[in-house]
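Enquirer: One predicted model, sequence on top.
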Amino acid sequence: MVVRRARIGDADALYALSLDAIRRSAATHYDERQREAWVARRTPEGHRRLVTATTTFVAAAGEDVAGFASVALHPVGALQEGEVDQLFVDPRHGGRGVALLLLDAVATAAAGAGLAELVTHASWRAVPVFERAGFRQVAEETVDLDGVALTRVLMRRALGGG
């Protein structure tokens, strides 16, 4: 498994992977209505913007994209500095440490940019992996996705040995 910076040509694969992960992997924590409201917010163009506006990493096994993660190293749109906005692993690659590899790349990039902390709004499905990567739960949040309530967890991780 190789972790590398995402390229604009990866955007369509990242989009498809995120839809599959939401529909399949998140099914243990969110009902179908919640998952489809979440999926409806995603677009190929949004993933192209993600790759160009944030620092996005891809875990790849050959040409197969196994997962991706993004971090804003400076404020970008609604994202604050140090915000891990995306972390998705292809369900076929789940449970193999892909997410931890990606979060390690994110933390290294953020620390290298001089950031003191990472923050994320993790789905309940992702909370355990963020905890294994050193994040701590701060608060439960509820967001409205076009009339559908989705709960998630605000999490933080200090960098630089914190």
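Expert: Yes, it's here.
Enquirer: Show me what counts as buried in stretch 2-14.
Expert: Residues Val3, Ala6, Asp10, Ala11, Ala13, Leu14 are the ones in stretch 2-14 that count as buried (16 or more other Cβ atoms under 10 Å). To be clear about C-beta, it is placed using only N, CA and C from the backbone, and glycine gets the same treatment.
Enquirer: out of these, who's nearest Arg96?
Expert: Val3 (13.1 Å; Cβ to Cβ).
Enquirer: Does that closest one touch Val65 like I think?
Expert: No - the pair Val3 and Val65 fails to qualify as a contact (Cβ atoms under 8 Å) at a distance of 11.2 Å.
Enquirer: Direction included, what does the helix or strand where Phe68 lies pair against?
Expert: Assigned by DSSP states H and E, Phe68 belongs to strand 64-72. Strand 64-72 sits in its sheet next to strand 55-61 (antiparallel), strand 83-89 (antiparallel), going by DSSP bridges.
Enquirer: Please work out the average pLDDT along the last one.
Expert: Over the span of strand 83-89, the pLDDT mean works out to 97.
Enquirer: ditto for the first one
Expert: Per-region confidence: strand 55-61 scores 96 on mean pLDDT.
Enquirer: Pull out the buried positions in it.
Expert: In strand 55-61, counting by 16+ other Cβ under 10 Å, buried: Thr55, Thr56, Phe57, Val58, Ala59, Ala60.
Enquirer: could I get those residues as TSV with distance to Ala40?
Expert: Formatted as TSV, the buried residues of strand 55-61 follow (distance: Cβ to Cβ, whole Å):
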residue	distance to Ala40
Thr55	26
Thr56	22
Phe57	25
Val58	24
Ala59	26
Ala60	27
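Enquirer: Now for the residues you listed: which two are most distant?
Expert: Thr55 and Ala60 (16.4 Å).
Enquirer: can you tell me which residues contact the closest residue to Val129 other than its chain neighbours?
Expert: In space, and not counting its chain neighbours, Val129 is closest to Ala99: 4.4 Å by Cβ to Cβ, 6 or more residues apart in numbering. Ala99 makes contact with Gly67, Ala69, Leu87, Val89, Ala126, Val129, Ala133, according to Cβ atoms under 8 Å, 6 or more residues apart in numbering.
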